[in-house]
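*Asks:* Sharing a model that was predicted from the sequence below.
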Amino acid sequence: MKSRLLFLGWVVLFFNCAPKENVKNQTWGNALGTTYSIIYIADEELDYQQEIDSVFQVLNQSMSTYIPTSDISKINDGDSSIVVDAMFKEVFDISSEVYKASNGYFDPTIGVLANAWGFGPGEQIELDSLRVDSLLSYVGWDKVQLNKDNTLTKAHPSIRFDFNAVAKGYAIDRLGALLDEKGIENYLVEVGGEVLARGTNLDSGKQWSVGIDDPQVETGRQLKQIVSLKNVAMASSGNYRKFRVDPETGEKYVHTINPKTGYTKNSNVLATSVVAKTCAVADAYATTFMALDLEDSKQVLEGHDELEAYIIYLDENGVTQEFFTPGFEALIKN
């Protein structure tokens, strides 16, 4: 009898120690004006769709300029009594840091210009040099202040916030935080091409693989590079998809706006990708490097070892070239 109990004990121990099968949970949909895909691997089937939807809803209510009743829309319309939430405050602080690091080339007070050029929720208007100069008086991060009571003060009522260059990355960080709280150790969150990778892809047993689009392919999609990511975020920016063409003149206007001049930035920089610890920071710098000239971007990168970058540009002869920081180059799959 004793030996039989011992045998049964070993059987129970064997089954308790047997490795559990990995289950790939995946959800996708539309949010923040784009698409999203979330893969999270666990030892059982899980469904966090309700919590994921809640993250998007809360972020929209805080920072969507396309929702008239959101906090940011009310602030843009002149309501100085709005007390912003912790997410808005965090995005504001990140914006302040990148604004300083970029010498003002990252500036989320460009909302009035985004509207005027046709890249915001507001009315597009005809622009000439006098009108652009006039609108520039409503642009400048040094003209806004986050107060101790979490209200905002603007130097002029017409100043409008536009966090589109950082909020999408921040949304990814919040989704990652949700999965962290659930105890998920291996996941890939993607929203509109920006990603946050944690752990490994247990399906393949390798790090997460993410593609970077070729900015010179205007129809369809072709990858320029594939990178391996683990416990980092990556954001990309480019003017190859986000632009408009004037139907009368045929002139192309890109979505990157230079906050110093007030004009859309047509430059030799075609696309940028940035790797950082958080996707909000990666998102903000990817946009910044589209507004900066290449040499200025290199100078910023020299002072920020926590960033890795990949920039596709045209040289003086119009030939496509690539710049990598050493850390980014190490991520590329050969």
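*Replies:* Cool, the structure landed. Residues are numbered from 1 along each chain as shown.

*Asks:* Break down this protein into its strands, ranges please.
*Replies:* Taking DSSP state E, the strands of the chain run over residues 23-31, 34-42, 144-146, 152-154, 186-191, 194-198, 208-213, 223-229, 232-238, 243-245, 252-254, 269-276, 308-314, 320-324.

*Asks:* Buried residues of stretch 140-157, list them for me.
*Replies:* 140-141, 144, 152, 154 (16 or more other C-beta atoms under 10 Å). No exception for glycine: its C-beta is placed from N, CA and C like everyone else's.

*Asks:* ok, residue 70 touching residue 61?
*Replies:* Yes: using C-beta atoms under 8 Å, residue 70 is in contact with residue 61, at 5.4 Å.

*Asks:* Compare those two (neighbour count), which wins?
*Replies:* Ranked by neighbour count (other C-beta atoms under 10 Å), residue 70 and residue 61 place residue 70 first, with 19 against 16.

*Asks:* Centroid-nearest residue for this structure?
*Replies:* Residue closest to the average C-alpha location in the chain (C-alpha atoms, centre = their mean): residue 169, at 2.8 Å.

*Asks:* thinking that residue is in contact with residue 277, fair?
*Replies:* No: judged on C-beta under 8 Å, residue 169 makes no contact with residue 277 at a distance of 11.5 Å.

*Asks:* Tell me, please, the helix or strand in this protein that averages the lowest pLDDT.
*Replies:* Ranked by mean pLDDT, DSSP states H and E, the weakest helix or strand in the chain is strand 252-254, scoring a mean of 39.

*Asks:* coming back round to it: using a markdown table, lay out the buried residues of stretch 140-157 together with distance to residue 98 and pLDDT.
*Replies:* Below are the buried residues of stretch 140-157 laid out as a markdown table (distance: C-beta to C-beta, whole Å; pLDDT from 0 to 100):
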| residue | distance to residue 98 | pLDDT |
| --- | --- | --- |
| 140 | 15 | 96 |
| 141 | 10 | 97 |
| 144 | 15 | 98 |
| 152 | 18 | 97 |
| 154 | 20 | 97 |
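
*Asks:* Quick check: the farthest pair among those residues?
*Replies:* 140 and 152 (14.1 Å; C-beta to C-beta).

*Asks:* What is the longest helix of this protein by residue count?
*Replies:* Longest helix in the chain by number of residues, with DSSP state H as the criterion: helix 164-181.

*Asks:* State the mean pLDDT of that one.
*Replies:* Helix 164-181 shows a mean pLDDT of 97.

*Asks:* Now do the contacts for the closest residue to residue 93 other than its chain neighbours.
*Replies:* Of all residues not flanking residue 93 in the chain, residue 146 sits nearest, at 7.9 Å (C-beta to C-beta, 6 or more residues apart in numbering). Shown in contact with residue 146 (C-beta atoms under 8 Å, 6 or more residues apart in numbering): 84, 89, 92-93, 152.

*Asks:* Quick one: residues contacting the residue nearest to the centre of the chain.
*Replies:* 194, 233, 235, 278-284.

*Asks:* TSV please, covering those and showing pLDDT, neighbour count and distance to residue 33.
*Replies:* Shown next, in TSV, are these (pLDDT from 0 to 100; neighbours: other C-beta atoms under 10 Å; distance: C-beta to C-beta, whole Å):
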residue	pLDDT	neighbour count	distance to residue 33
194	96	28	13
233	98	25	20
235	97	30	16
278	98	20	21
279	98	32	16
280	98	29	17
281	98	25	21
282	98	30	19
283	97	33	14
284	97	31	18
